[in-house]
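>>> show me how the following folds:
(2 chains)
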Amino acid sequence: MTQIPLSLIQRTAEDLMAKAAIDIPEDYLDGLKRAADTEEGDLSSFVLKAMLENYEAAKQDRSAMCGDTGVPRWFVKLGNEARVEGGMVALEAALRRATAKATFDVPLRPNRVHPLWRTDHNNNVGIGAPEIEYGFEPQGDWIDLITVHKGGLFGTDYRMLFPSDGVQGIKRFYLDSLMAFGKRGLACQPAIIGIGLGGSKDICMSLGKRASVLRTVGSRNSDPRIAAMEEEFKELGNSIGMGAMGFVGKNMVIQCNIEVGYCHTGGMPMSVHAFCLSSRRAVARLYPDGRVEHRTDPDWFTDYQRRETVDWDAAKEAAE
Amino acid sequence: MSIREIRLSTTPTPEEIAALRLGDIVYLDGLIYTAREGVYMRALEEQANIPMELPAESAANFHCSPAARINGDGSFDMGAVTATASFRFAKWLPEWMEKTGAKLIIGKGGMTSKDYKEYFVPNGAVYLSTVGYGTGALLGRGVEKVEAVHWNEELGLAQAMWVIRCNRMGPFIVASDLNGDCLFERENAKIAENIARVYEGTKPAVLKRYGESDDRSEEVI
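Next comes the predicted model:
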């Protein structure tokens, strides 16, 4: 079986680090342009126009869009037949090397420090940094490398809700998160809001984060009832009357993505995440023959990722 | 309301500061320095000598750490420049302003009108907010030269004191004035009128939290 060369992985990972920091993904850019067209608040309108100019400046100058280049992390998805030269430990080392090298080369801000001693290696690498998370797909000899450089301080919250809280409780916590972090623009909105519902507490946070960073503007949850909620929540967020930087305006939410996981029967945990005005993500698919296909849609939430039956193949056959 | 654009020196006169109005757009010329918790702690708590003549060289304190690198030959490359949220630095700012004569505090999100009235106004200072947030590439174009990086060894790249020569660096938004009024609080008040309607039908969570506010017109900073 042919292996995916390690040198290709590291080289591609370095490219992705730069692309994520510099180039705003098309789907988000289109969403923000639509927002700028409809914005009526004078200050928030000025802000959106400045942001559009900023994306252009970053592209022309090959400079990071934002001086806070977030906390780089990796999502790696492997087709079931994919094999990496040197194995997965070698892949992790390559991603750590690429993260450190790109931090110097682009340059990115070395944001990662020890939580207590504030030690900074000036390369965004340290204990648990960058995070590397994995997913798998039933077919394929490829790997997808996805890097996301999300801001790390504001816009995210978690709450344990209960079935009796219902959809009205979900709406309230959603609005609370937008109000709390939208004022003064701490969440750097208008943003892609990700909502995680269900799972265990930690998975609830992951689901919401992945909903914000691994789904594009214009995507829909495959469950039509959840897709309808996504649309309703986007409108609800934009009806607050708050725009960019917390100024009066009507664009707070560019897209609302909801992802769910089965949870404890007594609970309904919820998390909210905001992927900011510099929604940094970049993706590439690497094949064993050396081909590399770049894209900006992580395409993470496939039917396989959202499966709810015991056995995948049996479910597929039943569907046919 | 039309938006005014103003070019301002980083060592502004009292008259120039007095002329600024909430919501004005400002572009800066002159030397600017970055200082945030690392610099404040080193200068104020550890009493280290500040390695610049302040405010003669600059009266503009940027709450920022740039995306930048120090090359092998000691030269600097600076890409994007973006502010970090300022409210966290309220603990050090009164002493810092008194010590350094800073007149322009530049950052993300501003401070409260209480902060402005208590120590910005008495020091003749105002707050400028970056735009977006995240017009890092645009601000980067305003960097004419990185003059120096102080305390990099002690504090690391992100917390070091970067001294930047600016040429029409901006845009920034005037977020406080010499009355101590706060642009963000003015906007909050306008938005607050609509809160009850947006929340209509929703209900408080069955499981409460300690220390929480249930008043959406309040802020969490």
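>>> tell me the contacts of A:Trp312?
Going by C-beta atoms under 8 Å, 6 or more residues apart in numbering or on different chains, A:Trp312 touches A:138, A:304. Backbone N, C-alpha and C define where each C-beta goes, glycine included.
>>> for it, give its distance to A:Pro138.
Taking C-beta to C-beta, to the nearest Å as the measure, A:Trp312 falls 6 Å from A:Pro138.
>>> quick one: A:Arg210 is in a strand?
No - membership of A:Arg210 in a strand is not supported by DSSP: H, G, I helix; E, B strand; the rest coil, which gives helix.
>>> tell me, how many residues neighbour B:Ser213?
11 (other C-beta atoms under 10 Å in any protein chain shown).
>>> picking that back up, quickly list what's touching both of A:Trp312 and A:Pro138.
Counting by C-beta under 8 Å, 6+ apart, the residues touching both A:Trp312 and A:Pro138 are A:Tyr304.
>>> hey, what's the spatially most central residue of chain B bridged with?
Closest residue to the average C-alpha location of chain B: B:Gly107 at 2.1 Å, with C-alpha atoms, centre = their mean. Taking DSSP bridges as the rule, B:Gly107 bridges to B:Ser129.
>>> would you agree it is in contact with B:Val81?
No - counting by C-beta atoms under 8 Å, B:Gly107 stays clear of B:Val81, with 11.9 Å between them.
>>> per-residue pLDDT, the residue nearest to the centre of chain B?
Per-residue confidence at B:Gly107 stands at 96 (pLDDT).
>>> so for stretch B:34-50, what gets flagged as buried?
Buried positions in stretch B:34-50, judged by neighbour count with 16 or more other C-beta atoms under 10 Å in any protein chain shown: B:34-40, B:42-44, B:50.
>>> again with stretch A:148-156
Result for stretch A:148-156 [16+ other C-beta under 10 Å]: buried residues A:148-151, A:154-156.
>>> quick check, nearest of the residues you listed to A:Glu56?
A:Glu56 has its nearest neighbour among the buried residues of stretch A:148-156 in A:His149, at 19.5 Å by C-beta to C-beta.
>>> what's near enough to touch that closest one?
A:His149 touches A:17, A:20-21, A:69-73, A:108, A:280-281, counting by C-beta under 8 Å, 6+ apart.
>>> among those residues, which are within reach of chain B?
Filtering the contacts of A:His149 for proximity to chain B (criterion: C-beta under 8 Å from any C-beta of the partner chain) leaves A:21, A:69, A:108.
>>> what residue ranges in the chain score low on pLDDT?
Since you didn't name a chain, this refers to chain A. Within chain A, the segments meeting pLDDT under 70 span A:1, A:314-320.
>>> that's the wrong chain, I meant chain B
B:1.
>>> tell me where it has strands.
Here chain B has its strands, by DSSP state E, at B:5-9, B:25-34, B:60-62, B:68-70, B:76-78, B:104-107, B:126-130, B:143-150, B:161-174.
>>> one more: the stretch 151-300 of chain A?
A:157-161, A:191-198, A:253-261, A:268-275, A:281-286, A:292-295 (DSSP state E, counting those that start in this stretch).
>>> what about the second one and chain B, any contact?
No - on the criterion C-beta under 8 Å from any C-beta, strand A:191-198 is out of touch with chain B, staying 11.3 Å away.
>>> return the residues in contact with A:Phe75.
Contacts of A:Phe75 by C-beta under 8 Å, 6+ apart are A:132-135, A:144, A:146-148, A:210, A:214, A:298, A:300.
>>> and the strands of chain B, which is most packed in?
Mean neighbours per residue, mean count of other C-beta atoms under 10 Å in any protein chain shown, is largest over the strands of chain B for strand B:60-62, with a mean of 29.
>>> what lines up beside it in the sheet?
In the sheet, strand B:60-62 lines up with strand B:25-34 (parallel), strand B:104-107 (parallel) (DSSP bridges).
>>> so which residues make contact with the longest helix along chain B?
Across chain B, the longest stretch assigned as helix under DSSP state H is helix B:183-192. With contacts defined as C-beta under 8 Å, 6+ apart, helix B:183-192 is touched by A:43, A:183-184, A:240-242, A:245-248, B:22-23, B:109-110, B:112-113, B:129, B:173-176, B:216-217, B:219.
>>> cross those against helices and list the overlap.
Using DSSP H, the contacts of helix B:183-192 in helices are A:43, B:113.
>>> now the contacts of helix B:183-192: which count as buried?
Neighbour-count burial (16+ other C-beta under 10 Å) applied to the contacts of helix B:183-192 gives A:43, A:183-184, A:240-242, A:245-248, B:22-23, B:109-110, B:112-113, B:129, B:173-176, B:216, B:219.
>>> who touches both of B:Gly107 and B:Val81?
By C-beta under 8 Å, 6+ apart, B:Gly107 and B:Val81 have these common neighbours: B:62, B:64.
>>> quick one, phi psi at whichever residue of the stretch 51-200 of chain A sits closest to chain B?
Residue nearest to chain B within the stretch 51-200 of chain A: A:Gly67 (3.0 Å; C-beta to the nearest C-beta). Note on A:Gly67: its backbone torsions stand at phi -70, psi -30 [degrees, to the nearest 10].
>>> wait, it sits on B:Met78?
No - contact criterion C-beta under 8 Å: A:Gly67 and B:Met78 do not qualify, at 9.0 Å.
>>> between the two, which contacts overlap?
Residues within reach of A:Gly67 and of B:Met78 at once, by C-beta under 8 Å, 6+ apart, are B:66-67, B:140.
>>> could I get the residues you listed as CSV with neighbour count?
Formatted as CSV, the shared contacts of A:Gly67 and B:Met78 follow (neighbours: other C-beta atoms under 10 Å in any protein chain shown):
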residue, neighbour count
B:Pro66, 31
B:Ala67, 30
B:Gly140, 25
